[in-house]
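Asker: one predicted model, sequence on top.
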Amino acid sequence: MTFTRGDRTEAWAALAGHYEAHGRDFDIREAFARDPGRFEALGFDAPGLYADLSKNRVDTATLHFLHDLAHECGVEARRDAMLRGDPINTTEGRAVLHTALRAPRGKGPFSHDVHQVLDAMLAYVEQVRDTAASGIRHVVNIGIGGSDLGPQMVIPALDAFVHPGITFHFVSNVDGHDIAPVLRRLKPSETLFVIASKTFTTQETMANAQVAKAWFEANGGTDIAKHFVATTTNVQAAAAFGITTTFGFWDWVGGRYSLWSAIGLPIALAIGGDHFRALLAGAHAMDRHFAETPAPKNLPLVLGLLDVWYRNFHGFTSRSVAPYHQGLRRFPAYLQQLEMESNGKRVDLDGELLPFGTSPVVWGEPGTNGQHAYFQMLHQGTDVIPVEFILVKHPTHGFSDLQTKLLANGLAQSQALMLGKTADEAATEKAPTASADLDRGVLSRHRSFPGNRPSTTFLIDQLNPHALGALIALYEHRVFVSGAIWGINSFDQWGVELGKALCNDLLPRLASGETKGLDGSTAGLLKRLRG
């Protein structure tokens with residue numbers, strides 16, 4: 001099956017003309033003035049959430065051209081190929097079937113294998129969660145990348161559903177400053193270590209696993225088989241380590257899409273089997289939305305197209321994610337891997353250099369913390385940075401006044417980004433902290449905001465497992481869409497490999513001091529580190 005790269009389509013040329021004629025100077029404020037139905041026209045209902053795209057630099061004409069682009073690029077055909085298990089990860093000859101991990105029994109590829117592992121894992125989960133019998137009070141997940149970011153993001157997000165008698169810890173960095181403070185808080189008899197590595201050879205993970213094992217034995221631990229479990233396909237290596245309980249997954253499960261697999265064991269230990277199945281069900285609902293909803297109201301499709309519009313026509317190089325829910329504090333970090341590892345590519349499927357930009361930089365912090373850190377740049381900086389606000393209507397705490405303030409802040413920030421403030425408006429206001437000696441005109445320019453800065457707002461009724469599953473799947477599919485338009489393989493990560501290879505060369509050099517064949521900078525730094 002062949003697909004057309006976006007810049008080689010007629011729609012791309014049409015979009016370029018549309019951008020010059022209407023997009024470059026598009027003003028969101030004027031668009032609202034022209035169209036009183038803009039909010040309704042650019043509102044999208046999807047499983048678990050509502051999305052308001054009306055504060056973006058698009059109109060129906062822009063979306064029409066973008067949908068033409070998707071059609072010419074064969075996005076829907078490529079989506080269908082992914083869902084049925086075609087090997088769309090061409091550089092590794094693999095299928096891409098994270099959607100199969102959340103499909104109901106009998107409704108997806110490899111269903112028997114998927115549900116056999118899921119059932120066994122959740123049965124084990126209930127044994128551990130019976131803390132009176134298991135004695136487990138702490139769970140330590142040792143992994144890196146997708147084997148860490150997914151569980152580390154989901155568990156605090158679903159804090160209201162987490163087992164009250166178990167504390168969860170995460171160790172990923174090979175820096176000993178990561179694992180040392182965790183171990184100080186533990187007792188071997190109360191701790192379960194989850195070693196998450198598909199191959200059981202990941203350098204950082206196995207180094208930390210060996211430290212954990214040595215600590216366990218040095219502090220009186222006597223039953224490694226009870227206190228260590230592995231999520232891996234290398235059962236033999238896990239057994240050599242002393243682990244007898246393992247849960248596996250398959251080569252069609254990419255690391256950054258793996259929280260739905262056995263890598264989600266810490267999540268299931270935290271929230272229990274029923275809630276873990278609800279997380280899967282929410283993601284599956286979004287899968288069906290992506291697969292079945294007509295293009296004009298297909299939210300992942302529209303978001304992926306909007307990403308292309310901003311990256312390749314407006315030239316916006318980054319996007320900020322601002323979740324107004326403290327539980328989602330690790331969500332921006334999770335999205336960094338999902339998007340930048342997936343679409344941070346410079347060649348297309350045929351290995352040809354791309355003449356356009358691909359993945360934007362994705363970054364952010366939870367509101368209202370971000371407001372007091374980087375929002376200054378969003379409002380008055382020289383770069384236009386689209387922002388995504390995530391607002392949760394019903395909290396799981398009882399502090400209603402705090403929730404009202406939180407939601408008001410989120411709404412106000414998106415409103416301020418769009419409306420801005422002119423120098424004339426600023427001149428009519430009093431500024432108590434301003435210097436009395438400063439010229440009034442100069443001050444008004446300092447206190448003006450250009451506005452017309454785009455944002456999207458996602459509304460979630462309550463952050464429960466089903467809604468969170470849908471939200472994560474939404475971002476997965478939008479990344480797929482933009483990658484398909486760009487004609488790249490969103491499912492390999494060769495850029496991670498070079499640093500690993502060079503590290504393996506440098507490890508013995510740090511011990512021996514040998515610098516032959518090294519560049520001058522690396523040789524000089526190595527000598528200083530040994531000195």
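Answerer: Done, it's in.
Asker: so the residue lying closest to Gly495 once chain neighbours are set aside versus Asn56, what's the distance?
Answerer: Once flanking residues are discounted, Gly495 sits nearest to Gly344: 6.7 Å by C-beta to C-beta, 6 or more residues apart in numbering. No exception for glycine: its C-beta is placed from N, CA and C like everyone else's. Distance, Gly344 to Asn56, by C-beta to C-beta, to the nearest Å: 23 Å.
Asker: comparing those two, which residue is more hemmed in?
Answerer: Asn56 (21 against 15; other C-beta atoms under 10 Å).
Asker: report the contact partners of the nearest residue to Arg346 once chain neighbours are set aside.
Answerer: Spatially, and ignoring its direct neighbours in sequence, Arg346 is nearest to Leu354 (5.8 Å; C-beta to C-beta, 6+ apart). Contact criterion C-beta atoms under 8 Å, 6 or more residues apart in numbering gives Lys345, Arg346, Val347, Asp348, Trp486, Gly487, Ile488 as the residues in contact with Leu354.
Asker: looking at these, which two lie furthest apart in space?
Answerer: Using C-beta to C-beta, the two most remote members of the contacts of Leu354 are Arg346 and Gly487, lying 11.9 Å apart.
Asker: domain map for this structure?
Answerer: 6-87+280-422+440-488, 98-277, 497-530 (automatic domain parsing).
Asker: may I see these organised as TSV, with distance to Glu429 and mean pLDDT added?
Answerer: Output for the domains of the chain, formatted as TSV (distance: least, C-beta to C-beta, whole Å; pLDDT from 0 to 100):
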stretch	distance to Glu429	mean pLDDT
domain 6-87+280-422+440-488	7	97
domain 98-277	39	97
domain 497-530	51	94
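Asker: surely Tyr50 touches Phe39?
Answerer: No. Look at Tyr50 against Phe39 with C-beta atoms under 8 Å: they stay out of range, at 11.2 Å.
Asker: more neighbours: which of the two?
Answerer: Ranked by neighbour count (other C-beta under 10 Å), Tyr50 and Phe39 place Tyr50 first, with 16 against 13.
Asker: beta-bridge partners for that one, please?
Answerer: Bridge pairing for Tyr50 (DSSP bridges) gives the partners Asp45, Leu459.
Asker: for it, give me its contacts.
Answerer: Tyr50 makes contact with Gly43, Phe44, Phe458, Leu459, according to C-beta under 8 Å, 6+ apart.
Asker: can you pick the most crowded of those residues?
Answerer: Phe458 (24 neighbours).
Asker: quick one: it and Glu388 touch, right?
Answerer: Yes. With contacts counted by C-beta under 8 Å, Phe458 reaches Glu388, the gap being 6.9 Å.
Asker: what's the closest non-adjacent residue to Asp148?
Answerer: Computed as C-beta to C-beta, 6+ apart, the closest residue to Asp148 that is not its neighbour in sequence is Ser172, at 4.0 Å.
Asker: give me every residue that touches that neighbour.
Answerer: Ile142, Gly143, Ile144, Gly145, Asp148, Gln152, Asp178, Glu204, Thr205, Asn208.
Asker: out of these, which are buried?
Answerer: Among the contacts of Ser172, those that count as buried by neighbour count (16 or more other C-beta atoms under 10 Å) are Ile142, Gly143, Ile144, Gly145, Asp148, Gln152, Glu204, Thr205, Asn208.
Asker: I'd like the list of these that fall within helices, please.
Answerer: Asp148, Gln152, Glu204, Thr205, Asn208 (DSSP state H).
Asker: from Leu338, how far out is the residue nearest to Gly495?
Answerer: Gly344 is 11 Å from Leu338, by C-beta to C-beta.
Asker: what about the closest residue to Ala427 other than its chain neighbours, which helix or strand?
Answerer: The shortest distance from Ala427 to any residue other than its chain neighbours is 4.1 Å, reached at Ser444 (C-beta to C-beta, 6+ apart). In the assignment (DSSP states H and E), Ser444 maps to helix 440-446.
Asker: and the spatially closest residue to Gly108 that is not a sequence neighbour, helix, strand or coil?
Answerer: Excluding the flanking residues, the one nearest Gly108 by C-beta to C-beta, 6+ apart is Ala100, at 4.1 Å. Three-state call for Ala100 (DSSP: H, G, I helix; E, B strand; the rest coil): helix.
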